[in-house]
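In: With the sequence up front, the predicted model follows.
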Amino acid sequence: SAVISQKPSRDICQRGTSLTIQCQVDSQVTMMFWYRQQPGQSLTLIATANQGSEATYESGFVIDKFPISRPNLTFSTLTVSNMSPEDSSIYLCSVVRGQGADEQYFGPGTRLTVT
Amino acid sequence: AQRVTQPEKLLSVFKGAPVELKCNYSYSGSPELFWYVQYSRQRLQLLLRHISRESIKGFTADLNKGETSFHLKKPFAQEEDSAMYYCALISGSARQLTFGSGTQLTVLP
């Protein structure tokens, strides 16, 4: 398994501000992903965080709104920019260890409330 | 585009009764399907994958390509099985997961 931590665990932010969420893994991983889980909804993939290059975004998500960094194989950040109440969600990072592996390990999530 | 459907948002059964959580999918390629589970106050974790054809915590799931289904079953539910269950499908070159909407299972005493 992989030990994954996220900071902050929760936050309450004002609209128009930005929040950066950190995801730290205890060992090197091949893939890192960011998901959003809106209230009462399932998980939706935001993007794949690529080490040393721009993230790959899913349809409906753009870099200006959700800039992502992945400077090395154990760390990634997701920024939620210019927030509105519709951005209130749980944001989760997940990782895959090893080439050819299929199991994703999930972080504990960051609960964001935008007022 | 791929899609995973879980028709039941809530499911309640009595302890000792059989339980089946339904999952249907649509995918143009060869599907790889999973069940993830989230117990109360715990993080999301893998329960089982169709490739391994294993039984985990008494749960099994068989991929039925003809019916495009991957239902999760357990013959005798236990109270500790109460959790949110997500069916998921892997796709894409980065092997991203597409999740269903989830089924909240409650096993009553």
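Out: Ah, there it is.

In: Only C-alpha atoms from now on, for both contacts and neighbour counts.
Out: Will do.

In: Remind me which helix or strand B:Tyr36 belongs to.
Out: B:Tyr36 is part of strand B:32-38, with elements assigned from DSSP states H and E.

In: which residues of chain A score low on pLDDT?
Out: Residues of chain A meeting the criterion pLDDT under 70: A:1.

In: The residue nearest the centre of it: what's it in contact with?
Out: Computing the C-alpha centroid of chain A and ranking residues by Cα atoms, centre = their mean puts A:Trp34 first, at 3.3 Å. Counting by Cα atoms under 8 Å, 6 or more residues apart in numbering or on different chains, A:Trp34 touches A:Leu45, A:Ile46, A:Ala47, A:Thr48, A:Ala49, A:Leu78, A:Tyr91, A:Leu92, A:Cys93, A:Ser94.

In: Cross-check those residues against chain B and keep the overlap.
Out: A:Leu45, A:Thr48 (Cα under 8 Å from any Cα of the partner chain).

In: which among the contacts of A:Trp34 end up buried?
Out: Those of the contacts of A:Trp34 that meet the buried threshold are A:Leu45, A:Ile46, A:Ala47, A:Thr48, A:Ala49, A:Leu78, A:Tyr91, A:Leu92, A:Cys93, A:Ser94, by 16 or more other Cα atoms under 10 Å in any protein chain shown.

In: would a markdown table of these with secondary structure be doable?
Out: Converted to a markdown table, the buried ones among the contacts of A:Trp34 look like this (DSSP: H, G, I helix; E, B strand; the rest coil):
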| residue | secondary structure |
| --- | --- |
| A:Leu45 | strand |
| A:Ile46 | strand |
| A:Ala47 | strand |
| A:Thr48 | strand |
| A:Ala49 | strand |
| A:Leu78 | strand |
| A:Tyr91 | strand |
| A:Leu92 | strand |
| A:Cys93 | strand |
| A:Ser94 | strand |
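
In: residues from chain A in reach of chain B?
Out: Contacts of chain A with chain B, taken as Cα under 8 Å from any Cα, map to A:31, A:41-45, A:48, A:102-109.
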